[in-house]
Structure formats: C-alpha cells, structure tokens
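1. The following block contains a protein sequence and its predicted model.
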2 protein chains.
Amino acid sequence: MSLTQLFEPSGVAVVGASRAEGKIGYVAMANATNFEGPVYPVNPSESGELFGSAFVPSVTDTDGPVDLALCCVPGPAVPDVLAECGDAGTGAAVIYASGFAEAGGEGETLQREIVEVADEHDISLLGPNTSGFLVPATDLRCSFASGVEAIPTGNTAVIAQSGGVAHVLAFQSRRQRRGVSAMVGLGNRANVGFAEAIAYFDGDDRTDAIALHIEGTDDGRRLLDACRASDTPVIAYKAGQSDVGEFAASHTGALTGDHELYTAGFAQYGVPTVDATDDLLDAAAALGTAPLPSGPNVGVVTAQAGPGIIISDRIQRAGGRLPELTAGTKARVDEILPGVTYDDNPVDTGRPMPEFGEVVAAVAEDDLIDIVLVYELFEEALGFPVDTLEGLAEEVDKPVLFATEGIDADLESERDAVEAAGVPTFETPERAADAAGALARYARLHAEEPPGAAAADGGWPRPGGSAAADWKGPRDE
Amino acid sequence: MSLTQLFEPSGVAVVGASRAEGKIGYVAMANATNFEGPVYPVNPSESGELFGSAFVPSVTDTDGPVDLALCCVPGPAVPDVLAECGDAGTGAAVIYASGFAEAGGEGETLQREIVEVADEHDISLLGPNTSGFLVPATDLRCSFASGVEAIPTGNTAVIAQSGGVAHVLAFQSRRQRRGVSAMVGLGNRANVGFAEAIAYFDGDDRTDAIALHIEGTDDGRRLLDACRASDTPVIAYKAGQSDVGEFAASHTGALTGDHELYTAGFAQYGVPTVDATDDLLDAAAALGTAPLPSGPNVGVVTAQAGPGIIISDRIQRAGGRLPELTAGTKARVDEILPGVTYDDNPVDTGRPMPEFGEVVAAVAEDDLIDIVLVYELFEEALGFPVDTLEGLAEEVDKPVLFATEGIDADLESERDAVEAAGVPTFETPERAADAAGALARYARLHAEEPPGAAAADGGWPRPGGSAAADWKGPRDE
C-alpha cells in the first residue's frame, strides 16, 4: 500500500462539507481550503459554493481527480462513501467519526466492513476515530483543531496513535520553534498503521527524523520491522506504564501493553525510547538535525557550573558517558584559557567569554568524544559563538547540541544563527542533557557488531538479548 | 540574623562601581540603578556621576543610609570593604568574587577572614562566588546577567545553591509567564545559607512557595529544620545523582552528596522533591497558587483521551492516586453528557464542548477527590470554562490545575483568565501531571498523624522511618 495519495494528493474532497459553521464539515473545509491543489466540497444536500469551490453531490462528480477524501460523515454512512471513492479512483480517505472498533460490539462490525470496502478498492484509510493529519509545507491541513494553520514546517514527522497527542506534539513543536514535516493521528488504524506511516515518511524528503507516540498495538512485530527498515532515525514514546487499561481500551481500541516489553522491543530494533512529549520532540530534533553519533561519549562545555552539574549528571543517567578528555585537549583548553575554572569533562569556563567558541572546538575535536553539548546563559555583549559553530558538526562529523537561557527577544536572532549552523538548540539543561542521552542510546543501539560476535539476524545488533527475540506485542495473534 | 537589610534595603552601594562598560562594577550599577531607593556608586579612584548618582570614595561617605553593599571588588579587597561597611552601619553585602572556599587553600583562609569581619559587624553575606539576587517587585537587581530586568514578579521565591541555576530558573519562570517573588543564588554560603533564606522568604508577603535548588551542603540539619518551620510550602530539587563529585566540589565548595539521603531527609521534613528545573517551578506554582490538598486523590477531566492516558499514568507514577468517582458523581456526569466517552476517572468528554465546565465542577465536588486536573486542547469557538473555574478551587477547597495546548496568541487571554481565577496553568500533559503528583506527595507528607500513632517529635509525620531520623547531611560535622 502506498500512502502517496493520502499525503500528496492531487485533489481533495471534503465529503459532508457544510455551510454550518459549528459542524466538522465546515471546519474541515475551512482548514483544507488553503491546500495548493483543488479542494471539493461534497454534499448532495447542498448547492452553490463554499470557500470559492462549488458543491458537488458525490466524489464521483468532481471536475478533476480526487486522491483524498476527508469523510466528515457519521460512521454508518462511511461504507457507502468509500464505495463511491472506489468508483472515483480516490485512493485515500480520512475517517474522523468514532463509534468503530474502540466502541466494541457493532462498532467492530462496522470497522470490519469499511476495511473490506477499502481493501476491495485499494483505499488507504486513516482512522477511523482520528483527528486527522497535517503537512504544513503544502498547506494540507486535514484536522479540525483551532490554530493548526500556524504550525510551521520542520523536519520531524510526528506519528501518534492518538489524534489528541498528535496535536499536542504539533503545537509543542511550534512553541519550540521547530515545526513538523507532518503530523499524523492514526486513531483506530483500520488499514494504515504505524508500519505503513513509518515506511512512507522514511521515503519523504522533508523528514529527517520520525517521532512515534504509541499506546498499544496488536501488531508489534510489523511496527518493529518498519522501524528497523527505516533509514530515517526513529524515536518512540510509549505512553502508559501504570494501570490505565480500561480507559485506554475505550480510546483507540488498543490496550496499553507491557511497558518493559515495548521498551526492550524498541531497543532490539534500534529505536531509543523516551518518556515525555517534550523529550520526544527534543530527541527527534537531535537525531534529525545533527550528524548521527558514532558512540555514547559526550563532551560537555559550559559557561556556568550549576547547569553543568545538572547536565553532567543527567547525561550519565540517560545512557551517555562523560569520558576524561585527552591530555592534548586539556592542554589546548589550558592554553586558550589559562586558569580555566575546570579543564576536564565538563569544561567549565566560569562565564561566557570571547574564547568560549575556541574551547567548544577543542572539545569537539577530541578523538574520545562522539557528541558535544554546549551550555551557555545568553550574554548580550558576547552573543553565541556562531562563527565557531558554523560547519563544526560537519567538520568533526559529530552532533553538536546547544542549550541556553535568557530573554527570547534578546537572543532570538543569535539562536536562529546557531540553528542555521546545523546545531539544534534546547531550552532547559535537563532537556538538552536528555537529548544528548537519546543520541548516546541511539549510538549504542546502532553500534557495529563487535568482531567475532555472530549476528542472529543479518547483522542487526541485539542488545536486548533473548527476551526481546520473542517480542510480539501484548496482543499479537 | 535578619535578612531585611539584604532583601529590603533602604539604600544600596555598588562598591567598585566603574565607568568601564565591560566591568562588573559597571553592569552591577546598570542593573541596580532602577531600584526604588538610592543607589550609590563607590570607588575612591572615580569622580563625577554614574547613572545620575555621584561617586563617593567609601561606603562611609554616602549622604544617606546604606543597608546593602554590592561588592564588585577582587576577593583580597573584600575584608577591608566589609570593615568599612561595618563602620557605615551596612548590614548586608553581596560578594560576587570567586577564589574563596571553592578554590581551597588560601581561598578557604580568605573566606574564614571575611566571615569573621562580617560576624563582628553583624553583616549578612550573600556569597562569595555568587551571581547575586533579584527582587523584581522593587526593581532590586543585584546580578550581572543580561536581561534580568525582564523577569516579572511572581509568587515563588527561588533559592538556588548555584547562581547559574538561579538565573536558569528565573528566565524559565518568565517563559512560563510566572515570574518570581525573588531569585537568590547562594554561592559559597559564607554566613547566609539555605536556612536563613528559607526563614526570610517564609515571612515575605509576596512569597507563596519556596523553590530550592541544592547541590550539597554540610549543614543539612539546619536546612531541614528551616523547611519544617516554614509555613510557606517548600519544594526541593537536589541536583546530581551520578558521579559528578570532583567537578561539583570545584563549584560552590560543596560536594554533591548522597541523593537518596537527601530525598529521604526532605520527605521526613515535609518537603516533596522533584528532578528538573521545569518541574521545580511547576510544583511551586501548584503549591503556591492553589489551596493545599488534603489528600493524594486526583480527579482528572480531559477533553482528549490521548493526553488523558498520559496524565492518568503519570500521576500514579508521581505519587498520586486516581480513585473511582462516587456513584453520585458518575450519575451527574452522565446526566450532563449522556453517552460521555468515559465517565469514570479520568472523565473523558471526547472533545471540548459547552458542558465541559459543568463536568469539571462535578468532579471537583466529588468527596473522594482531593486535587483536580483538567486537560483541554484550546478550541477557539468555545474558549476555556472560565466562569466555572472562577471561585471553584476556593469553594471546594481543593487545588484545581489546568493544562492546555494551542497557539499562544489565540489562547493567551483565556489562559490569563484561568490563572486569574486561581487555577495555575501548565504547558504539557506530563508537566501538569507531575505538578499534580507533587501536590499529592505534599499531601501525603503533611497528612495528619493517624489516631493512636505516637509522634516521635511533636507530631511531625515521619514517613521516612528510622533511616531518615539520623539524617545529618553528607558532611555534617
């Protein structure tokens, strides 16, 4: 199944489009109408125009091809709409309605029915029970939420089981000044699941990292195989460790499963995991912006000791290592800054200073260091060491992360310059350290097989050992 | 020792004030000059005026009383400056210079010397080796960092061992739209330590919560006694769990100690602990804004299931409980919203809707609930249930927390109205849940002694048991 018609449609139909401002058929049309291709309002009970486009009675009546149908109709009407989509050659549909598998009973029957119709006509179904998706770069906004038009284009694809969490992540990415290449709420995953979405965004030119939110799936093996097959780094957030089973089951029709089983499974398949929405986006920014690390050894340079202690502690707890710097690097730091506050890892310059960039470069060039993390409170008179950072990550072929704090309006242009230099920026010492930790865990999971160690499955490292080998997901059948 | 002269001075002297823009004597003067009282530049080598005030050669030469001296002079010059302060009746001084106890050797001798002089003249010393303090409400800015003039007044007093972390927290509080009643970096704590600062801010009218950042102290017992004596809720962040010992010792002259020992000690003395700067400020906002909770039972109302799962899970991991709602509350929810998505705890309305506020009120009024947490993505057409939230926390005498996500510019005025209604707001599902968890832990630590259980020390609960009874701090002598 290709998701090209879903995420790159030539034309879009809003089925159930409505003039009534409160209705989802209105909001869906309002949000979709800025798409670069044609958007057709479909409703047999309406006539005239909506947002400048003429109503048509059926998706088969449009004057151009429709790849994607946004189904703003009640659940029971969906099978007929999909049959019409089949006749029209529409290869993708978003089903917003709930009352399908997550509701049990007749809802399960209805979900089986729509999958049958969709499979017969080769239609990719996003949902049901989803709040849709966004591709900001093409103004393709298939969601009803207020404000989605303000979410900017970034290079992380967010794939969330819950539409609500998908929106949480998209809005957060905006507050972090990052944006998304796409935001997808999978909902009930009738025939488009994690595996299909991961495969699609792995091939998407705008996507450099894939961020997953998972509640539970009965198809764990396919999810993991898709993660392993992805050349684009994948990072996962498995929600639900304690007992929220019954409530979770009522949501997208999947139980939240054994958290440790998921974590071990992801590790075995090369996917580091995190434990919060902001950490997920931070880790994706680190994996998607910087060169990938070749090991877990972090070199920290800080202009303030207190944040340096927090960062050094936290990196080690998050799976990174803080090796001693080489004698050559220490000598170089001492030469740049005679009497430096602390010349080992972390290097602490005591305050921002003109030589700060030189110290960062010295640590970045240390052969024992795989990942560089820089912390500096913003000092207006000095700014950030943008000149040094420009090209540094590429030159040393290591990820370089940068965290700071200050008044946004004062430091905005300097931070933008740091980001433009290929160095992702972070907001708190802890979140920066956790992002460096995620890079370190990624490096460990993707380490070359040690010589002589037989690979069980074509060379893929299996740090999780035997328990992970049997991972099938809690409801795999 | 009273810290009134330190934090509420009638007049301030900047000793070592300078016309040279790069020097700290210039920046300190620039930042202090907006203070509501007189600020005198002191420097025997300068004449004329700086920021409209005439230079004087000594703190004894000012034409009005000076309570506070900001010492922008090298360490070896400090004893003489303090002696002059003694002659002038100046009762407080900030020592910015480093090279004291944290440097070992002669630095330790120098620190002993300044403490002797200060004690002789009854001078409170903030520092040495500190970046100072801020009281935004009186424009008293005794720090050199860029941008501190933009930090607003809030109701949390930040007391940090590290000046760098103090600034991290102050800037963060601004990004969170909260601000601080004061920000203090203690540095080496020559004669003003945690205990003195906590006692002062407990008595400060602008302070409703005290947020501590601790690296390590050799005076743990006094710190804990001060926490116990404080009527104002205290929350603590102990930095450094893994091995960062040598670097930490180079910082403020204190080793980071055993993390578990600190956590147990704080718990025994009624102080919940957190593990990140943003969590520290969130917990302080929850403890400082809302009525204090009488138990750990959280009622969650969410308009989106996905964030609801994250929150429900996280609250339980953070020490809260999610009890089943009473039959009466469930019936009331079902009456308000027939066919509601989920009518137990969490209550999930499936989407924002006009009845959302009524559902929140129903859960808040449930007798089994001690703390209420509401999550709702912003929906422009509906806004937030401000009318219901107004007075609700007071009426039910329970803390009510609110978390949302959306486009800042769209929801700003609604969020401000929620805050004005006495309901603190939060940015991510996890951070809101962690704040609710901190409230729950606070309630557990402050629970009434169960009847018949003999109190070992005047009724204070001792959940930590015997290990905590011997807590003295890692370097208590």
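-> That came through fine.

2. what's the nearest residue to the residue of the stretch 251-400 of chain A found nearest chain B if we skip its chain neighbours?
-> Nearest to chain B, among the residues of the stretch 251-400 of chain A, is A:Gly306, at 2.5 Å (C-beta to the nearest C-beta). Glycine gets a C-beta too; all of them are placed from N, C-alpha and C. In space, A:Gly306 comes closest to B:Ser162 once its chain neighbours are excluded; the distance is 2.5 Å by C-beta to C-beta, 6 or more residues apart in numbering or on different chains.

3. what's the answer for A:Leu337, then?
-> Using C-beta to C-beta, 6+ apart, the nearest residue to A:Leu337 is A:Glu355, at 5.6 Å.

4. Next: A:Pro41.
-> Per C-beta to C-beta, 6+ apart, closest to A:Pro41 is A:Ala17, 3.3 Å.

5. Dihedrals phi and psi, the one you found?
-> phi -60, psi 150 (degrees, to the nearest 10).

6. Report the separation between it and A:Val56.
-> 10 Å (C-beta to C-beta, to the nearest Å).

7. residues making contact with stretch A:192-205?
-> A:1-4, A:6-7, A:124-126, A:157, A:159, A:161, A:181-182, A:184, A:186, A:207, A:210, A:212, A:214, A:217, A:219, A:222-223, A:225-227, A:229-232, A:234 (C-beta atoms under 8 Å, 6 or more residues apart in numbering or on different chains).

8. how about the residue of the stretch 101-250 of chain A found nearest chain B, what does it touch?
-> With C-beta to the nearest C-beta as the measure, A:Ser162 is the residue of the stretch 101-250 of chain A nearest to chain B, at 2.5 Å. A:Ser162 sits next to A:185, A:187, A:213, A:215, A:251-252, B:304-307, B:309 when contact means C-beta under 8 Å, 6+ apart.

9. can you redo those residues as CSV with distance to B:Gln111, pLDDT and neighbour count?
-> Converted to CSV, these look like this (distance: C-beta to C-beta, whole Å; pLDDT from 0 to 100; neighbours: other C-beta atoms under 10 Å in any protein chain shown):
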residue, distance to B:Gln111, pLDDT, neighbour count
A:Gly185, 59, 98, 32
A:Gly187, 63, 95, 31
A:His213, 52, 97, 25
A:Glu215, 55, 91, 27
A:His251, 59, 61, 29
A:Thr252, 61, 56, 28
B:Gln304, 55, 94, 27
B:Ala305, 57, 92, 29
B:Gly306, 54, 94, 30
B:Pro307, 50, 96, 31
B:Ile309, 53, 94, 30
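
10. want to throw the residues you listed into CSV with distance to A:Asp334 and secondary structure?
-> Formatted as CSV, the contacts of A:Ser162 follow (distance: C-beta to C-beta, whole Å; DSSP: H, G, I helix; E, B strand; the rest coil):
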residue, distance to A:Asp334, secondary structure
A:Gly185, 54, strand
A:Gly187, 58, coil
A:His213, 46, strand
A:Glu215, 52, coil
A:His251, 58, helix
A:Thr252, 57, helix
B:Gln304, 55, coil
B:Ala305, 57, helix
B:Gly306, 52, helix
B:Pro307, 50, helix
B:Ile309, 52, helix
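
11. Closest one of the residues you listed to A:Ala409?
-> B:Pro307 (30.2 Å; C-beta to C-beta).

12. Look up the closest residue to the closest one, ignoring the ones flanking it.
-> Here the residue nearest B:Pro307, using C-beta to C-beta, 6+ apart, is B:Pro429, at 4.2 Å.

13. do you know how far the spatially most central residue of chain A is from A:Ala226?
-> In chain A, the centroid-proximal residue (C-alpha atoms, centre = their mean) is A:Ala211; its distance is 2.5 Å. Between A:Ala211 and A:Ala226 the distance is 14 Å, computed by C-beta to C-beta.
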